[in-house]
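> Pasting the sequence and the predicted model now:
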Amino acid sequence: MSEEVMEQDYVDDGVCKNCNSPNVEEGYNLALCRECREEFVRRPIPLWVKGFIIILISTFIAGIMRFPQTLISGIAYERGKKAETAHKYKTAMEEYEKALEQYPDSTLILAKLAVTYYHNNKIEEVINTIDIIAGRDLDEQDLVEEVNEIMDKISRNFYPSEELVNVLDQYDLGTQEFFNELENWVNKNPDDVFAIYYLANIYYDQERYDESEEYMNKILSIDPTFYDGYLFLSALYRERGEFDRGIEYCNKVLEHNIEDPRAYVGLSRIELKRYEDKAALDFAKKAHEISPQEPYFISNLALVYHYNGMEEERNKTMDLLRNQQNEYSDREIEWLEDVISGLIKLR
């Protein structure tokens, strides 16, 4: 077909504008016979146009393929932030883990994940995550400060100083000499949270609850966000029969993290202690629902089933522990068997 046809003004004279054939196809603005129209349609697309189309299509397809992952990650990240604001740190942790699946080296997501690990009492995971991002730049200064503060708390609250280890290593664990030296250390180092916590635990095991309470309150005066301390005091008040105070301290933990299963265990043990076994079961189920794989929460559910006279459910739950076949689950099984046999009396 000649290019002049495209440049002429259109005049309807009843013949094909390309070959002057009278057999013009009807229904088209440009008068062409069928043969010329087919030739026009078959005209090849220039190679540069084809290349441009291929590039556009390839880019579009790549974008379409990438978009779901990007969207999923973005949604998970925003859900994580929302859950944090609502003090639902387990949900936040799980959402950040989903976001990390798409961006496994994201400093921002790893930092947010480290924070939620801490609030879920996953100290080892906090340390491992922060090791990955140590030394990296992060624009969010508030988040940087939060992560640094968490590392300071872990170092202070959960690990002994080298000096304390060197002193206590000179004595056998559990001896009077060991205990006396720990007391001396705490008197000389009144801000050593780890040492004070250690001493408070010893007093608790000795049923010296007043001394234990005094030392735990010292820790909370140093670090009011030490929620292990609130749980500790809740158990102490339970043993002293101060059930309302025990509930109050569990609720302090839940105000911080509504999804902390340890607080629900604490509430279940208080209810058991005052013979409210059905209420205890509700709290035990809640703790297990939040953390269904942890031996401690499985064990607590089995314990409460026992006191509710639900032997079949108790035995099935104990089987969950046996199937795990690890040191922690074996220890819980041994403890439960001692409770069931009456060797250990909880009330």
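Structure received.

> Who are the contact partners of residue 140?
Taking Cβ atoms under 8 Å, 6 or more residues apart in numbering, we find residue 140 in contact with 108, 111. The C-beta positions use only the backbone N, C-alpha and C, and glycine is treated the same way.

> at 7 Å what do you get?
residue 108 (Cβ atoms under 7 Å, 6 or more residues apart in numbering).

> Equivalent analysis for the one 4 residues further on, please.
Neighbour list for residue 144: residue 138 [criterion: Cβ under 7 Å, 6+ apart].

> That one: helix or strand, and which one exactly?
helix 141-158 (DSSP states H and E).

> for that helix, which positions count as buried?
143, 146, 147, 150, 151, 153, 154, 156, 157 (16 or more other Cβ atoms under 10 Å).

> from what I can see the second one touches residue 115, true?
Yes: under the contact definition of Cβ atoms under 7 Å, residue 146 touches residue 115, with a separation of 5.9 Å.

> pLDDT wise, what is residue 65 at?
We have a pLDDT of 41 for residue 65.

> Kindly report the same for residue 103.
Residue-level pLDDT assigned to residue 103 equals 89.

> Make sure it is actually in contact with residue 73.
Yes: between residue 103 and residue 73 there is a contact under Cβ under 7 Å: 5.9 Å.

> Helix or strand: which one has the residue most central in space within the chain?
Central residue of the chain (Cα atoms, centre = their mean): residue 93, 2.0 Å from the mean position. Residue 93 belongs to helix 89-102 when assigned by DSSP H and E.

> just how off-centre is that helix within its chain?
Chain-centre distance of helix 89-102: 6 Å, with Cα atoms, centre = their mean, to the nearest Å.

> ok, now stretch 267-282?
The answer for stretch 267-282 is 28 Å, by Cα atoms, centre = their mean.

> measure it end to end?
By Cα to Cα, to the nearest Å, the extent of stretch 267-282 from end to end equals 10 Å.

> So for it, what gets flagged as buried?
Taking 16+ other Cβ under 10 Å as the criterion, stretch 267-282 shows 267, 268, 269, 270, 271, 272, 273, 277, 279, 280, 281 as buried.

> Residues in contact with that stretch: which ones?
238, 243, 246-247, 250, 283-284, 287, 300, 304, 307-308, 346-347.

> re the thing from before, would TSV of the buried residues of helix 141-158 with pLDDT and distance to residue 108 be doable?
Shown next, in TSV, are the buried residues of helix 141-158 (pLDDT from 0 to 100; distance: Cβ to Cβ, whole Å):
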residue	pLDDT	distance to residue 108
143	93	8
146	94	13
147	94	11
150	95	16
151	94	17
153	95	21
154	94	21
156	93	26
157	93	26
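
> which one of those sits closest to residue 259?
residue 150 (18.1 Å; Cβ to Cβ).

> quick one, what contacts residue 177?
Contacts of residue 177 (Cβ under 7 Å, 6+ apart): residue 171.

> Quick check: chain neighbours aside, which residue is closest to residue 197?
Nearest residue to residue 197 in three dimensions, chain neighbours excluded: residue 219, at 6.0 Å (Cβ to Cβ, 6 or more residues apart in numbering).

> In terms of helices and strands, where is that neighbour?
Under the criterion of DSSP H and E, residue 219 resides in helix 209-222.
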